[in-house]
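1. Quick one, structure for this:
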Amino acid sequence: MRIGRVAPLVTMGVTATLLTALAPAQASAAEPLKRFENQKPAWHRCDASQPAAFQCATIKVPLDYARPGGKTIDLAISRMKTSVAGKRHGAILFNPGGPGGEGLDMPLMMKQALPKKVLQQYDLIGFDPRGVGRSSPVTCGLTGSEQNFERAYRPETFKRDVAWARTVAEKCRAKNGDKLPYITTRNTARDMDVIRAVLGEKKISYLGYSYGTYLGAVYAQMFPQRTDRWVLDSAVDPARVWRGMIQVWAEGTEPAFTRWTKWTAQHDRTYKLGNTPAKVKKTFWDLVARADRSPIDDGGQKLTGDDIRTRLRAEFFSPKSAAESVVNLKKAADGRATSRRSSAPDDQRGARRSAAFAAGTPADNGTAAFWTVVCGDTAAWPRDPEQYRRDAIRDKGKYPLYGDVASNIMPCAFWNKPAEAVTKVDNRVGVLTVQNQWDSQTPLVSGLGMHRALKGSRMVYVQGGEGHGVYSDDPRACANIAVNAYLSTGRLPAKDITCKVSGRQSPGVNQRIVPAQPHAPQAPRF
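-> Numbers count the residues shown, from 1 in each chain. Next up is the predicted model:
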């Protein structure tokens, strides 16, 4: 909150009196936070199956930072002390994305990715954001079908979609009570600053993926003086939170689909889907229409045309993957059994995490945390169901693959008013952003939006890069060289960098090695 300007006629003596009177009040308001910042974590081995150096602890943070003397919640944090005396720069905090992604095991993952020179400078810090995993997890008691948000607009099903959205909102309110308004990005950023203080650091460094980029940008906006070396990988456009970020999936998919038709036509000998882009496009839409008339049996699951559109949306950003999927679906439609590979390898890797991390986490926690944050961050969601209907009809015409799904009604239409206004990201903090050209979850237009909002940032752009997440453990990759140089020296590049994917590299070579955390497969993720 900004204090209004003092009237120019106030004398120096009166001004001094006012400042003296205000000082104790300001000090007393800040004093309750000291008890959180001065905590001494009881560090212990996270799990017997993990290295002894991987330590965990639980600290307390205020539920509502405006009332730090009120209710508290638990925040699970972790660390690996990899810094070397004489080379130590500080601590680096990680976030894997979400909202709803668990980050407690990030130090383990990032120890594999960071080169020795960087590891020697930092202690690696992870945490489960508030409401997630081991950090006072939220649940809405949602069934599997209630977690499915990808609902194509059709006039005959819209009433059911409205009922679903209202049910999710009501269940979340009923299950979480007074906790719900405070599971937000702004409060998670405040939690990050408590972690910084608890670690005894004047500043903290950060690497965030996907939703983690928005979280990092909000922290930089709120605590610019405590923001050290800051890397935002595959960025959310802060001007689009949050409905606009779901809608950008539709906007970004159309050029990816066009690229796919061209690539697939060039490889007609292999896939036989058409030898021109127009024929490939027709093959796909004929398949969609066929599935709408008679659902396709794909390994025991009946797929409609709407299912095909939503399932393949992200795959079009990797032409080879999408071509293989369409071939398999065509075979299934013709009654020829296929063994369809999973289109979500990150979820498979995430499922292999230590069971200890998932202990006690509600089954719908990922989805519940997602809606809690994206609905609680901003009041920009329309409240009138008819607005969603109009938008879905409009966007199905503009973006045929996914526009109606992205603009259809969501639970946020029935959410309570947010406790705080959305954060406007607009600063000159030095930040390094990293972006693949063909990213399905945070498309290029989104990454460019973040770059514009952070006026002190530099961007590493991977031309031709595919996949969601750029930074990995490949020391030869152009983007990784730039990130490692920045983390080592703290010096941003003099100008934006364009990296090009080598012809020797396979699609997705720049995808990060950090696995996504397990969550309901239908839950949206950034």
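2. Could you use CA atoms for every contact and neighbour count after this?
-> Will do.
3. shaky segments in the chain?
-> 1-30, 337-359, 502-524 (pLDDT under 70).
4. Quickly list the domain ranges of it.
-> 44-138+183-242+426-500, 244-343 (automatic domain parsing).
5. which one of the ones you listed is the most hemmed in?
-> Mean neighbour count (mean count of other Cα atoms under 10 Å) peaks for domain 44-138+183-242+426-500 among the domains of the chain, with a mean of 21.
6. rewinding a little: could you dump the domains of the chain into CSV with distance to Ala368 added?
-> CSV is the format used below for the domains of the chain (distance: least, Cα to Cα, whole Å):
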stretch, distance to Ala368
domain 44-138+183-242+426-500, 6
domain 244-343, 16
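7. Please name whichever of these is nearest to Asn148.
-> Closest of the domains of the chain to Asn148 is domain 244-343, at 11.3 Å (criterion: Cα to Cα).
8. for the stretch 401-526 of the chain, what spans make up the strands?
-> Per DSSP state E, counting those that start in this stretch, the stretch 401-526 of the chain has strands spanning 431-438, 457-466, 497-500. These are given in chain order.
9. need the ones you listed in CSV with distance to Asp292, can you?
-> Listed next are those as CSV, based on distance: least, Cα to Cα, whole Å:
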stretch, distance to Asp292
strand 431-438, 29
strand 457-466, 30
strand 497-500, 40
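10. Of all those, which one is nearest Lys171?
-> Judging the strands of the stretch 401-526 of the chain by Cα to Cα, what sits closest to Lys171 is strand 431-438, at 36.4 Å.
11. Tell me the strands beside that closest one, with direction?
-> With DSSP bridges as the test, strand 431-438 is paired with strand 227-233 (parallel), strand 457-466 (parallel).
12. Which one of the ones you listed lies nearest to Arg390?
-> strand 457-466 (33.0 Å).
13. how near is Pro107 to Arg229?
-> 17 Å (Cα to Cα, to the nearest Å).
14. May I have the phi/psi pair for Val236?
-> Torsion angles at Val236 (phi, psi; degrees, to the nearest 10) stand at phi -80, psi 140.
15. Contacts only, for it.
-> Shown in contact with Val236 (Cα atoms under 8 Å, 6 or more residues apart in numbering): 210-211, 213-214, 245, 442, 446-447, 449-450, 526.
16. picking that back up, got the strands paired with strand 431-438 as JSON lines, with distance to Ile204 columns?
-> Below are these laid out as JSON lines (distance: least, Cα to Cα, whole Å):
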{"stretch": "strand 227-233", "distance to Ile204": "5"}
{"stretch": "strand 457-466", "distance to Ile204": "17"}
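17. Now name the helix or strand holding the closest residue in space to Val445 that isn't next to it in sequence.
-> Spatial nearest neighbour of Val445, chain neighbours left out: Gly252 (7.5 Å); criterion: Cα to Cα, 6 or more residues apart in numbering. Using DSSP states H and E, Gly252 falls within helix 243-266.
18. For that helix, enumerate the helices and strands it packs against.
-> If contacts are counted by 3 or more Cα pairs under 8 Å, 6 or more residues apart in numbering; DSSP states H and E, helix 243-266 sits against helix 277-293, helix 319-333, helix 403-407, helix 444-453.
19. all helices of the stretch 51-200 of the chain, in order?
-> With DSSP state H, counting those that start in this stretch, the ranges of helices along the stretch 51-200 of the chain come out as 106-113, 116-119, 158-176, 185-198.
20. most centrally placed residue in this protein?
-> Geometric centre of the chain, nearest residue: Tyr211, 2.3 Å, by Cα atoms, centre = their mean.
21. need the contact list for the closest residue to that one other than its chain neighbours.
-> The shortest distance from Tyr211 to any non-neighbouring residue, by Cα to Cα, 6+ apart, is to Gly97 (4.4 Å). Residues near Gly97 by Cα under 8 Å, 6+ apart: 208-213, 516, 525-526.
22. rewinding a little: so the residue nearest to Val445 touches Gly447, yeah?
-> No: checked against Cα atoms under 8 Å, the pair Gly252 and Gly447 is beyond contact range at 11.5 Å.
23. Surely Ser205 is in contact with Thr227?
-> Yes: using Cα under 8 Å, Ser205 makes contact with Thr227 at a distance of 6.5 Å.
24. if we can go back for a sec, so of the contacts of Val236, which two are at opposite extremes in space?
-> Between any two of the contacts of Val236 (Cα to Cα), the greatest distance is 14.9 Å, for Gly449 and Phe526.
25. ok, back up a step: in CSV: the helices and strands packed on helix 243-266, plus distance to Asp47.
-> Converted to CSV, the helices and strands packed on helix 243-266 look like this (distance: least, Cα to Cα, whole Å):
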stretch, distance to Asp47
helix 277-293, 47
helix 319-333, 37
helix 403-407, 40
helix 444-453, 37
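26. Looking at the ones you listed, spot the one closest to Leu432.
-> helix 444-453 (8.8 Å).
27. any residues touching that closest one, and which ones?
-> Contacts for helix 444-453 (Cα under 8 Å, 6+ apart): 234-239, 245, 248, 252, 425-427, 433-438, 457-459.
28. I appreciate the help and will end here.
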